[in-house]
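Colleague: Sequence and predicted structure are below.
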Amino acid sequence: MSIPQLTTEQLQAARAAATQARRVRAELKAKVRTGALSLSEALDQAADDDVLAHVKVLDLLKSLPRVGEKRATGVMERLDIAPNRRIRGLGRHQLAGLKAEFK
């Protein structure tokens, strides 16, 4: 099984799509950082959006005001969420736990 060779146009389209996806994810984290979106609202948005569903939970938590690496990691350990978990991979109890933790 080999990797398919893409044309220059296909490569450019893929790069543009990836850049756009990164921009959308960065925007979500920025809105959480400024308080324009609560964590609960961000999680709900990500549930309906394939691009946002790929945001790492740890990165989203760290974008919250007054939440750093240590607190985010502690919350994730307590809720039994793997450090590399993305929003899409969360179970409903983990989602509920996160929403309760950061009301």
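Modeller: Alright, I've got the coordinates. Numbers count the residues shown, from 1 in each chain.
Colleague: how close does Arg88 sit to Leu28?
Modeller: In this structure, Arg88 and Leu28 are 14 Å apart, going by C-beta to C-beta, to the nearest Å. All C-beta spots, glycine's among them, are computed from the backbone N, C-alpha and C.
Colleague: joint contacts of those two?
Modeller: Ala46 (C-beta atoms under 8 Å, 6 or more residues apart in numbering).
Colleague: With neighbour numbers in mind, choose between the two.
Modeller: Counted by other C-beta atoms under 10 Å, Arg88 and Leu28 do not tie: Leu28 has more neighbours, with 23 against 14.
Colleague: so what secondary structure elements neighbour the helix or strand containing that one?
Modeller: Using DSSP states H and E, Leu28 maps to helix 8-34. Counting contacts by 3 or more C-beta pairs under 8 Å, 6 or more residues apart in numbering; DSSP states H and E, helix 8-34 packs against helix 39-47, helix 57-62.
Colleague: residues in contact with the last one?
Modeller: Contacting residues not belonging to helix 57-62 are listed as 28-29, 32, 39, 42-43, 67-69, 71-73, 75-76, 81, 83-87, 90, 98, 102 [C-beta under 8 Å, 6+ apart].
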